[in-house]
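J.: Here is my input, please return the structure:
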Amino acid sequence: MNQTLKSFFLLDFVPGRRVFNLLVFGIWVVLALNQTASATAVDELKNRTPNIVVIYIDDLGYADIGPFGAANYSTPHLDQLAKEGRRFTDFVVSSAVCSASRAALMTGCYHIRVGISGALGPDAKHGISADETTLAEVCKSMGYQTACFGKWHLGHHQQFLPLQHGFDQYFGLPYSNDMWPWHPDYVDLPPETAKRKKGYPNLPLIEGNDIVDDDVDGNDQAQLTTLYTKHAVKFIEDCGNDPFLLYLPHSMVHVPLFVSDKFKGKSSTGLFGDVMMEVDWSVGEIVAALKRTGVDDNTLVIFASDNGPWLSYGDHAGSALPLREGKGTMWEGGVRVPTIMWWPGRIPADTECSELAATIDVLPTVAKLIGAELPKNKIDGLDISELIFGDSVGQRSPHDSFYYYYAGGELHAVRDRQWKLVLPHRYRTLAGKSGGKGGRPAPYSQANAELALYDLKADVSETINVLTEHADVVERMQVIAENARVKFGDRITKREGSEIRPAGNLSPNK
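T.: Numbering: from 1, shown residues only. A predicted model of the protein is given here:
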């Protein structure tokens, strides 16, 4: 017999104490029931499928946040996210350009597999195919509420927009914020000239499937980070205890840079620092909303970037140091992005993963976490749960190889967990020159990359070509390159791949 019950029954036969004992017993029963209910609630919380938050920054360089080396401005919320979570120092994107990178994140595939390369502009007649299963659709299959607030860039026609690909809510720009009449190529033309808008039409802001502002201007752009964040916070609050996927692809820090008045001049280091501080503020608002609604201990937050910094913009661009080059190249500065994952109580705090992982891994990993089936179409990403939640000592990437394809289907490099074989190709570079100032880009020059082998564990900056010292590694990596060409082709060597699926094409009469 429970000792408390035994004591009650013994005391119950003591004269004059029956009423008192009944009162004590009643209190004990209530407490016991509450304790059981609380334990059951805790068990239910533990068994809930987790919420997923993906924060994707545009053109953020490897060294642009405090946990990865930024020192000229403060990012306290990201610093705290890293302190409470895990930094990924070898986390790469599929390609160092906007649409290709986002296609890979959303589908779990190399961008070339799903037919999306480069950056889709306002004149594009294609976008993400309806035959592809997106991260949002994976989550929807398990009853999740889903939302995307920010830059989409996988096709701006309605059939390509988020609501047609698994998202319940959408608010944001359909493509990059420089694809407007004030693009640097046209900014010096008179405002009334027809050529200005022939190059780029007015920039639209979309909510759901509808254009809610058909002429976004600079004042509007200055509010984008705030507006995206407010939509995201409201979505979190509205979901309550219902599972959700929140995708927050910010328009910043893509040029042209804009910042709200509350952060203008706050960094004392220029506009880029101000914008970064506002991005950091946004992260803080998201985390605060998760905590305020009591779902922080059941939410996986992934913070990353779509590619490296647009170096030609100089003081309006970030830094990829110590990595080589930046956006628009398949050197590490273009494809390796600062990444933090956070889930209090699940991800070991203040830890680091230096193993190869990628945005294509997000979809299969989330599917595993929430118990969803993988897409029926073949994908390339792998489950990296062990890298996220396991002991950071002795970790090993599930990737034996990774392909570096640039725009137009050019295979620029292949790698494994340690080695990277750079294949002959042309690439853009500032060649040691400074970038532009005040939002104007400096011109790139073209350079030729020769066949080279780099040990990324010892030389992350890709400065020492060890091709002649490791013939066996080169031979093995050449096999990986050939496997890539068989699957996805290679425009440089005029090869056609057998595993490329077509992008979605604009339906007639659209």
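
J.: is it true that Lys420 touches Ala413?
T.: Yes - with contact defined as CB atoms under 8 Å, Lys420 and Ala413 form a contacting pair (5.7 Å). Using the backbone N, CA and C atoms, a C-beta is placed for each residue, glycine as well.

J.: For the spatially most central residue of the chain, which non-adjacent residue is spatially closest?
T.: By CA atoms, centre = their mean, the chain has its centre lying nearest to Tyr56, at 3.7 Å. Of all residues not flanking Tyr56 in the chain, Pro249 sits nearest, at 4.1 Å (CB to CB, 6 or more residues apart in numbering).

J.: hmm, who's touching the helix or strand hosting Tyr403?
T.: Assigned by DSSP states H and E, Tyr403 belongs to strand 402-406. Strand 402-406 is contacted from outside by 92, 94-97, 110-112, 117, 329-330, 335, 356, 358, 411-416, 425, 480, 484, 488, using CB atoms under 8 Å, 6 or more residues apart in numbering.

J.: run the last query once more with 6 Å
T.: Ile112, Met330, Leu411, His412, Ala413, Val414, Arg415, Ala484 (CB atoms under 6 Å, 6 or more residues apart in numbering).

J.: Among those residues, find me the one that's closest to Val474.
T.: Nearest to Val474 out of those is Val414 (CB to CB; 11.0 Å).

J.: Stretch 202-216: how far from the chain's middle?
T.: Between the centre of stretch 202-216 and the centre of its chain there are 23 Å (CA atoms, centre = their mean, to the nearest Å).

J.: Which positions in it come out as buried?
T.: Leu203, Pro204, Leu205, Ile206, Val216 (16 or more other CB atoms under 10 Å).

J.: what about the residue nearest to Tyr56, neighbour count?
T.: Neighbourhood size, Pro249 [other CB atoms under 10 Å]: 23.

J.: which ones are touching it?
T.: Tyr56, Gly150, Lys151.

J.: Ok, Val97 next?
T.: Val97 neighbours (CB under 6 Å, 6+ apart): Gly118, Ala119, Ala407.

J.: Tell me the one of the residues you listed nearest Val473?
T.: Ala407 (27.8 Å).

J.: who's in contact with that closest one?
T.: Val97, Ser117, Gly118.

J.: Next, format these as JSON lines and append pLDDT and distance to Val255.
T.: Formatted as JSON lines, those follow (pLDDT from 0 to 100; distance: CB to CB, whole Å):
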{"residue": "Val97", "pLDDT": "97", "distance to Val255": "14"}
{"residue": "Ser117", "pLDDT": "96", "distance to Val255": "21"}
{"residue": "Gly118", "pLDDT": "95", "distance to Val255": "17"}
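
J.: Pick the one among these closest to Ser129.
T.: For the contacts of Ala407, the nearest to Ser129 is Ser117 (13.7 Å; CB to CB).

J.: I figured that closest one hits Ala100, correct?
T.: Yes - counting by CB atoms under 6 Å, Ala100 is a contact partner of Ser117 at 5.2 Å.

J.: before we move on, the earlier item: neighbouring strands for the strand holding Tyr403, and are they parallel or not?
T.: strand 410-415 (antiparallel) (DSSP bridges).

J.: what is the mean pLDDT for the partner strand?
T.: Mean pLDDT, computed over strand 410-415, is 98.

J.: quick check, distance from it to the centre of its chain.
T.: Worked out by CA atoms, centre = their mean, strand 410-415 lies 22 Å from the chain centre.

J.: What are the contacting residues of it?
T.: 330, 402-406, 420-423, 425, 477, 480-481, 484, 490-492.

J.: from the residues you listed, which ones fall inside strands?
T.: Phe402, Tyr403, Tyr404, Tyr405, Tyr406, Lys420, Leu421, Val422, His425 (DSSP state E).

J.: Now distance to Ser434 too, for those residues, in a markdown table please.
T.: Listed next are the ones in strands among the contacts of strand 410-415 as a markdown table, based on distance: CB to CB, whole Å:
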| residue | distance to Ser434 |
| --- | --- |
| Phe402 | 32 |
| Tyr403 | 33 |
| Tyr404 | 27 |
| Tyr405 | 30 |
| Tyr406 | 24 |
| Lys420 | 27 |
| Leu421 | 31 |
| Val422 | 25 |
| His425 | 25 |
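
J.: can you pick the most crowded of those?
T.: Of the ones in strands among the contacts of strand 410-415, with other CB under 10 Å as the count, Tyr404 tops at 29 neighbours.

J.: and it, what are its bridge partners?
T.: Assigned bridge partners for Tyr404, using DSSP bridges, are Ala413.

J.: could you pull out the helices for this structure?
T.: Counting by DSSP state H, the chain has helices at residues 3-12, 18-47, 76-84, 98-107, 135-140, 194-199, 218-221, 224-239, 271-292, 332-335, 362-370, 385-389, 471-488.

J.: which of those has the lowest average pLDDT?
T.: Across the helices of the chain, helix 3-12 gives the lowest mean pLDDT, at a mean of 38.

J.: Report the separation between Ile206 and Tyr170.
T.: 7 Å (CB to CB, to the nearest Å).

J.: nope, Ala320 is what I was after
T.: For Ala320 relative to Tyr170 (CB to CB), the value is 30 Å.

J.: Nice, that's everything, thank you.
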